[in-house]
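[1] Here is my input; please provide its structure:
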Amino acid sequence: MIKVCVADNFPVVHFGVKSYFKDHSDIAIVANIGSFSMLNEILQTKEIDVLLLDLELEGLTSIFEVKSILKEFPKTKVIIYSSLSEQIYAPNAIKAGVSGFVHKTEKLGTLAEAIIKVQQGKIIMNETVKKNLALIAKQSKSERLYRKLSNREVEVLRYLSDGKKNHEIADILKLNEKTISTYKLRLLTKLNVTNLVDLVNKAKTLEIV
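    From the prediction side, this is the model:
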């Protein structure tokens, strides 16, 4: 039996997932948490094979925190279960060490298949993302810079789009304010814009935020 923990902000997600897997022959939902602060204790006290994690989980500020969890609990596989754009967030999540990305618009049967495959050691993402990654690999350096942002750049861009100032983002990510300014300049360059308003609009157009 594959033991699964659901980490999500919304009770309806917990209820829906738990109800679907209630009588499943291979998968059991053994834990539900609503904030990132609860995750460490759950992984220490329960045997969790697969963690279903929403990137917008309360208290989760950075993909680097997910990397830390993976390093501390290497036997637990992580599937990102999110409504964020798969094309933007899946490549960076896979690069960070997660085993799969399932969009919340997918059927729960697809989620079940992903859980089983991930437990078998496979990496799960849709064909469109795979094709995009293949295209990115063939592009010149300048084209890749435009199309692929780093984990940190995506995170900074999300917070900028939420209206947060550089010093606020620095506090959240525990970075120097000058470092945030550097990331902001890189974003302006990579997305080929000259001001914050255009940067945010471009991010929305590309479904980064």
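[2] Residue 57 belongs to a strand?
    No - under DSSP: H, G, I helix; E, B strand; the rest coil, residue 57 falls outside any strand and is assigned coil.
[3] so what's it up against?
    For residue 57, the contacting residues are 7, 8, 9, 34, 35, 36, by Cβ atoms under 8 Å, 6 or more residues apart in numbering. Bear in mind the C-beta positions are built from the backbone N, C-alpha and C, glycine included.
[4] now do residue 69
    Contact analysis of residue 69 by Cβ under 8 Å, 6+ apart lists 39, 40, 43, 51, 76, 78.
[5] Verify the stated contact: the first one with residue 7.
    It stands for residue 39. Yes - counting by Cβ atoms under 8 Å, residue 39 touches residue 7, with 6.1 Å between them.
[6] Going by neighbour count, which of the contacts of residue 57 comes out on top?
    residue 7 (25 neighbours; other Cβ atoms under 10 Å).
[7] Quick check: that residue vs residue 56, distance?
    11 Å (Cβ to Cβ, to the nearest Å).
[8] how does this protein divide up, domain by domain?
    Each domain of the chain is listed here as a residue range: 2-130, 149-205, per automatic domain parsing.
[9] The shortest one spans what distance, first to last residue?
    Across domain 149-205, the terminal residues are separated by 15 Å (Cα to Cα, to the nearest Å).
[10] Check stretch 168-184 too.
    Stretch 168-184: ends 13 Å apart by Cα to Cα.
[11] mean confidence for that stretch?
    Confidence over stretch 168-184 (mean pLDDT, whole number) is 92.
[12] Same question for the host helix or strand of residue 91: list its buried residues.
    Using DSSP states H and E, the element containing residue 91 is helix 86-96. Along helix 86-96, these residues count as buried under the neighbour rule (16 or more other Cβ atoms under 10 Å): 86, 87, 88, 89, 90, 91, 92, 93, 94, 96.
[13] Turn the residues you listed into JSON lines, including pLDDT and distance to residue 66.
    Below are the buried residues of helix 86-96 laid out as JSON lines (pLDDT from 0 to 100; distance: Cβ to Cβ, whole Å):
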{"residue": "86", "pLDDT": "83", "distance to residue 66": "16"}
{"residue": "87", "pLDDT": "78", "distance to residue 66": "19"}
{"residue": "88", "pLDDT": "78", "distance to residue 66": "16"}
{"residue": "89", "pLDDT": "84", "distance to residue 66": "11"}
{"residue": "90", "pLDDT": "85", "distance to residue 66": "13"}
{"residue": "91", "pLDDT": "81", "distance to residue 66": "14"}
{"residue": "92", "pLDDT": "80", "distance to residue 66": "10"}
{"residue": "93", "pLDDT": "87", "distance to residue 66": "8"}
{"residue": "94", "pLDDT": "86", "distance to residue 66": "11"}
{"residue": "96", "pLDDT": "87", "distance to residue 66": "6"}
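[14] Most widely separated two among the contacts of residue 69?
    The largest separation in those, counting by Cβ to Cβ, is between 40 and 78 at 13.7 Å.
[15] which of those two has more neighbours?
    Each of residue 40 and residue 78 has its neighbours counted (other Cβ under 10 Å); residue 78 has more, 25 against 13.
[16] Work out for me the element residue 14 sits within.
    Counting by DSSP H and E, residue 14 is found in helix 11-20.
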